[in-house]
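Colleague: pasting the structure only:
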C-alpha cells in the first residue's frame, strides 16, 4: 500500500475490516501502515524498538479480530496508547533487572575485582556446576532458562515460539529457576559462597 507515501490519511477502517475478515495480506498492510510508530519507538527505546514493534503487531491482530477496537478510525490513537504502555513496561523491566543485578553484586560481592588463582578456580568450579545442573534439567526448563537468561530473548518471543501463554511462561520460568538454584546450591561445596 502506498497511502503513507502519498500523504493520504491511512484507511484505518478499511484495514481493520480486512483483518477482521482474515483477508490475505491485511496483516502485512497493517505492518506497513504502522511503520511510523516503529520510528517513534526507536526514539524512545533504541535497539529494543524492533522487538516492541513486532510485539505490538502480534498483540494488535487478535484485539482487532475480536472487536476490541470499536471505532476503526481511532486505530492510531489505540496504537499510541499501547505503545506508551509498552515503553513504560520496557523501562520498568530494564530498571528492575538493573536493580536486581546491583543487589546481587552487593550481596554476593560479584564485582570483587579479584583475579587471584584461587578465586578463578572457584569461579570455574561454579560455572561447571551450573552447566552440569542445567544439562541435567528437563529440556523445557532448560530451554526457557537459556533463552531468557543467556540469550536474553523477550518473554513475548519465547511465549510465541514455545506456544505458551503469559501465565504459563512466568510459571515455567519461575519453577525452572527455583529448581536450578536449589540444585546448584546442593551441588556447591559447603564452604563455597553462592553462585
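Modeller: Yep, it's here. Here the structure is a predicted model, which means the values were calculated and not measured.

Colleague: Would you mark the buried spots in the helix or strand harbouring residue 29?
Modeller: Secondary structure from DSSP states H and E places residue 29 in helix 26-33. Buried residues in helix 26-33, counted by 16 or more other Cβ atoms under 10 Å: 26, 27, 29, 30, 31, 33. For the C-beta atoms, the positions are set from N, CA and C on the backbone; glycine is no exception.

Colleague: What of stretch 52-66?
Modeller: With burial defined by 16+ other Cβ under 10 Å, the residues of stretch 52-66 counted as buried are 52, 53, 54, 55, 56, 57, 60, 61, 64.

Colleague: Tell me which residues are up against it.
Modeller: The contact list for stretch 52-66, computed with Cβ atoms under 8 Å, 6 or more residues apart in numbering, reads 16, 19-20, 22, 27, 30-31, 34, 37-38, 41, 45, 69, 79, 82-83, 86-87, 90, 154, 156, 160.

Colleague: And the buried ones among these, selectable in ChimeraX?
Modeller: Buried subset of these, written as a ChimeraX selection, criterion 16+ other Cβ under 10 Å:
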select :16,19,27,30,31,34,37,38,41,45,69,79,82,83,86,87,90,154,156
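
Colleague: and which of the buried residues of helix 26-33 is nearest to residue 119?
Modeller: When these are compared for distance to residue 119 (Cβ to Cβ), residue 31 wins out at 50.5 Å.

Colleague: Tell me how far the closest one lies from residue 165.
Modeller: To residue 165, residue 31 is 24 Å away according to Cβ to Cβ, to the nearest Å.

Colleague: next one: residue 125
Modeller: 38 Å.

Colleague: Likewise for residue 172?
Modeller: 10 Å.

Colleague: Compare neighbour counts for these two and give me the winner.
Modeller: A count of neighbours by other Cβ atoms under 10 Å puts residue 172 above the other of residue 172 and residue 165, at 20 against 9.

Colleague: Quick check, that one in contact with residue 141.
Modeller: Yes. Between residue 172 and residue 141 there is a contact at 7.2 Å, judged by Cβ atoms under 8 Å.

Colleague: What about residue 181, how many residues nearby?
Modeller: Residue 181 has 14 nearby residues by other Cβ under 10 Å.

Colleague: What are the buried residues along the host helix or strand of it?
Modeller: Assessed by DSSP H and E, residue 181 sits inside helix 166-187. If you call a residue buried by 16+ other Cβ under 10 Å, then helix 166-187 has these buried ones: 169, 172, 173, 176, 180, 183, 184, 187.

Colleague: Show me the domain layout of the protein.
Modeller: Split into domains by automatic domain parsing, the chain comes to 3-87, 113-187.

Colleague: Can you tell me which of these is nearest to residue 97?
Modeller: The nearest among those, by Cβ to Cβ, is domain 113-187 at 9.7 Å.

Colleague: I'd like the average pLDDT over the closest one.
Modeller: Domain 113-187 shows a mean pLDDT of 84 in the predicted model.

Colleague: Tell me which helix or strand comes right after the longest helix along the chain.
Modeller: Using DSSP state H to define each element, the chain has its longest helix at helix 75-108. Along the chain past helix 75-108, the next helix or strand (assigned with DSSP H and E) turns out to be helix 117-136.

Colleague: Having no further points to raise, I will conclude here.
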